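>>> only geometry, no sequence info:
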């Protein structure tokens with residue numbers, strides 16, 4: 001369902017001068033579920049005791065996630081739920097009740113969050129706002145999920161007590177507990193005050209208390225209009241904007257049976273700080289571990305609170321002249337020490353410090369970094385006598401898995417396969433679940449070397465996935481090396497300079513901090529990767545690069561866009577242009593560029609700031625004015641607009657749209673709650689006033705990442721036609 005403005009539908013065949021092939025598969029086949037590449041397993045979780053592994057998956061390649069169990073002792077996987085056929089009118093989403101919207105529903109996501117009892121015998125999960133229990137034995141016909149609640153109020157985030165006899169969950173912004181033996185139900189918290197809301201919470205390991213966080217104050221709310229129904233609706237949602245103060249966050253400890261909460265001291269910067277994740281109990285239930293980022297975003301601290309009295313102390317602190325990387329931190333099994341990662345030497349490495357503070361011990365060193373985020377990895381784990389982690393030591397395009405003793409001795413590589421190897425270790429360190437991928441295979445789950453899932457469908461092998469090469473070239477700005485992946489259309493070899501020149505397309509990955517140049521099928525985002533492969537199979541050379549700000553390249557690369565996004569990172573892209581020129585077999589008059597989110601922003605920046613370089617640009621879900629984006633992300637890179645107005649001006653493409661010369665396509669979902677639709681609307685209005693020729697495609701029921709098959713097919717078809725028209729005609 002798309003609205004296309006100013007699209008010129010001439011007969012494409014009559015305009016072609018560069019001979020392009022037809023992709024072996026039409027877009028309708030590539031982007032109709034079940035996808036050929038399947039569905040990646042997610043949220044792989046071990047039980048605290050024993051060796052029961054739970055994960056979410058769809059074995060048929062659809063979007064809906066069900067719960068699966070694997071037992072390494074038996075080498076047996078079992079499906080625990082089959083909820084997709086279930087129809088429950090009482091909790092039917094609003095879109096399903098609207099006569100118009102229900103014609104265009106997005107594919108259901110399935111189970112989102114679950115918990116496993118410490119002994120691994122039961123799992124709890126929330127589905128459509130109700131709670132379910134299921135035994136994990138996986139016995140066919142005997143272990144169907146048991147529905148614990150059926151209410152209009154949403155119950156979410158279930159968590160078993162350590163003894164498995166109680167289940168905590170949130171409802172209506174409060175914390176509740178259900179006794180699974182006596183059926184008693186009680187409310188634990190009583191959060192009051194305008195705008196105050198329950199944040200994260202955890203059982204203490206002895207089951208006697210909870211910690212929980214409260215976000216105070218209503219904060220800013222924005223409207224998200226939806227035009228797809230008979231009446232226009234506009235739901236509000238919380239959103240910060242650059243210049244807004246940090247939200248006040250308070251932490252409490254309360255008896256599990258309810259009672260008077262004890263407030264935890266906030267630390268040296270007060271309660272208006274940026275926090276990430278939920279505080280962690282020490283294994284002995286005596287201490288809380290918290291992390292905080294100063295409102296200026298240039299300092300971060302690790303705090304330990306006395307759970308009984310609330311007193312806080314700082315045990316580690318980092319500073320950065322640009323913006324500090326928030327700490328990852330975790331307890332040692334004996335509650336005496338804290339594991340954390342820091343960029344103190346310019347690269348993210350693991351450190352160990354006493355819970356009382358003092359000098360921290362650095363465990364690894366080198367011009368590589370430990371992976372401490374979940375985009376392509378898993379946080380480090382301390383299990384038994386070892387600390388386990390994935391890192392880029394073997395190269396930025398790989399993630400290999402290691403373990404090391406807490407004193408820094410005995411580092412051992414546990415993975416051997418080239419590509420991405422992300423380990424999740426059982427509590428005692430006996431078993432390792434590994435998410436593995438390489439250049440020919442998407443992620444799948446292995447345990448102790450045994451393959452557990454096979455996500456690609458049989459037809460995956462029938463599609464001619466193009467060959468690619470890892471390359472490097474100097475940035476146009478400072479000459480620093482930029483890592484890239486060059487996708488080769490059939491018959492093309494970069495070293496053969498006498499070939500007929502080919503058109504090329506740059507792909508700019510999103511997020512601004514992710515990584516895309518990997519020895520992995522699917523790379524940064526599978527749908528975008530597949531579209532790139534479709535372009536390559538038509539005859540386009542595609543260049544995908546890890547521009548300034550991308551993760552995996554150390555602190556200096558991470559902060560390289562400070563006070564100027566669309567500056568050094570755009571120079572990296574333009575260095576790629578010179579690299580393609582040096583090959584001698586690329587038609588430099590037929591260069592296109594596209595990307596989504598931050599990649600859309602970079603596309604707009606390239607089309608406006610280097611207007612003669614790219615013959616055509618397709619910008620998806622783009623930030624065009626950084627004053628419209630959220631406070632934390634934007635202020636990390638640009639500071640507050642009150643203090644650095646010039647940084648916002650020079651980083652926002654909307655201020656340079658008058659330089660546009662070549663065809664420009666904007667694509668956006670109207671109900672995008674990440675990069676608001678207003679960014680494209682405002683740029684559109686400015687381009688109209690400037691008399692520029694441009695095209696727009698809007699998707700009324702899509703958010704930031706498109707999920708409907710028909711949208712994916714339509715958007716990628718229009719983008720393909722856009723490149724074909726503009727990169728192959730005279």
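Sure thing, it's come through. Being a predicted model, the structure only gives us computed values, none of them experimental.
>>> Quick check, pLDDT for residue 134.
If you check residue 134, the pLDDT there is 97.
>>> likewise residue 327?
89.
>>> any idea which element it lies in?
Using DSSP states H and E, residue 327 sits within no helix or strand.
>>> Chain neighbours aside, what residue packs nearest to it?
Among residues not flanking residue 327 along the chain, residue 291 sits closest, at 4.5 Å (Cβ to Cβ, 6 or more residues apart in numbering). Backbone N, C-alpha and C define where each C-beta goes, glycine included.
>>> So what pairs up with the one you found in the strands?
residue 302 (DSSP bridges).
>>> tell me the contacts of it?
275-277, 300-303, 326-327, 329 (Cβ atoms under 8 Å, 6 or more residues apart in numbering).
>>> Give me the below-cutoff pLDDT ranges for the protein.
1-19, 141, 372-377, 730 (pLDDT under 70).
>>> got the buried residues for the longest helix along it?
Counting residues, the longest helix in the chain under DSSP state H turns out to be helix 709-727. Residues of helix 709-727 classed as buried under the neighbour-count rule (16 or more other Cβ atoms under 10 Å) are 709, 711-720, 722-727.
>>> what about residue 627, which SS state?
Assigned with DSSP: H, G, I helix; E, B strand; the rest coil, residue 627 falls in the helix class.
>>> before we move on, back to that, do you know how far the residue nearest to residue 327 is from residue 216?
Distance of residue 291 to residue 216, given as Cβ to Cβ, to the nearest Å: 19 Å.
>>> Okay, helices next: where are they in the stretch 501-650 of the chain?
Secondary structure of the stretch 501-650 of the chain by DSSP state H, counting those that start in this stretch: the helices cover 526-538, 555-558, 568-583, 598-609, 631-638, 645-651.
>>> Can you say which of those helices is nearest to residue 338?
Of all the helices of the stretch 501-650 of the chain, helix 555-558 sits nearest to residue 338, with 21.2 Å by Cβ to Cβ.
>>> Now the closest one: buried residues?
Those would be 555, 557-558, for helix 555-558 by 16+ other Cβ under 10 Å.
>>> so which of those comes closest to residue 500?
Proximity of those to residue 500 (Cβ to Cβ) peaks at residue 557, which lies at 36.3 Å.
>>> separation between the nearest residue to the closest one once chain neighbours are set aside and residue 412?
Nearest non-adjacent residue to residue 557, counting by Cβ to Cβ, 6+ apart: residue 548, 6.2 Å away. The spacing between residue 548 and residue 412, counted by Cβ to Cβ, is 34 Å.
>>> okay, these two: which has more neighbours?
residue 548 (27 against 11; other Cβ atoms under 10 Å).
>>> was I right about the more buried one contacting residue 560?
Yes. Taking contacts as Cβ atoms under 8 Å, residue 548 lies within contact range of residue 560: 3.7 Å.
>>> what do these two both touch?
Joint contacts of residue 548 and residue 560 (Cβ under 8 Å, 6+ apart) are 568-569.
>>> Would you mind giving the contacts of residue 291 as a markdown table with distance to residue 56 and neighbour count added?
Below are the contacts of residue 291 laid out as a markdown table (distance: Cβ to Cβ, whole Å; neighbours: other Cβ atoms under 10 Å):
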| residue | distance to residue 56 | neighbour count |
| --- | --- | --- |
| 275 | 26 | 20 |
| 276 | 23 | 13 |
| 277 | 20 | 15 |
| 300 | 31 | 24 |
| 301 | 34 | 22 |
| 302 | 31 | 26 |
| 303 | 33 | 25 |
| 326 | 26 | 21 |
| 327 | 28 | 24 |
| 329 | 26 | 25 |
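>>> Check the residues you listed and tell me the two furthest apart.
Largest separation among the contacts of residue 291 by Cβ to Cβ: 277 and 301, giving 14.2 Å.
>>> helix or strand for residue 444, which one?
strand 441-447.
>>> next SSE after that strand?
Criterion used, DSSP H and E; the element after strand 441-447 is strand 450-451.
>>> centre of the chain versus that following strand, how much separation?
26 Å (Cα atoms, centre = their mean, to the nearest Å).
>>> Identify the residues contacting it?
Here strand 450-451 has contacts from 72, 75, 444-445, using Cβ under 8 Å, 6+ apart.
>>> Relative to residue 506, which of those is nearest.
residue 444 (30.0 Å).
>>> what does stretch 580-594 rub up against?
18, 492, 494, 496-508, 540-541, 543, 573, 577, 602-603, 606-607, 613-620, 719, 723, 726-728.
>>> buried set for that stretch?
Buried, per 16+ other Cβ under 10 Å, within stretch 580-594: 580, 583, 585-587, 590-594.
>>> Of the residues you listed, which is the nearest to residue 259?
residue 594 (56.8 Å).
>>> how much space between that closest one and residue 669?
From residue 594 to residue 669 the distance is 16 Å (Cβ to Cβ).
>>> returning to that earlier point: which outside residues touch the strand holding residue 444?
37-38, 40-41, 44, 53, 55, 57, 70, 72, 419-420, 431-437, 451-456, 520-522, 526.
>>> How far off centre is stretch 532-547?
Per Cα atoms, centre = their mean, the centroid offset for stretch 532-547 relative to its chain is 22 Å.
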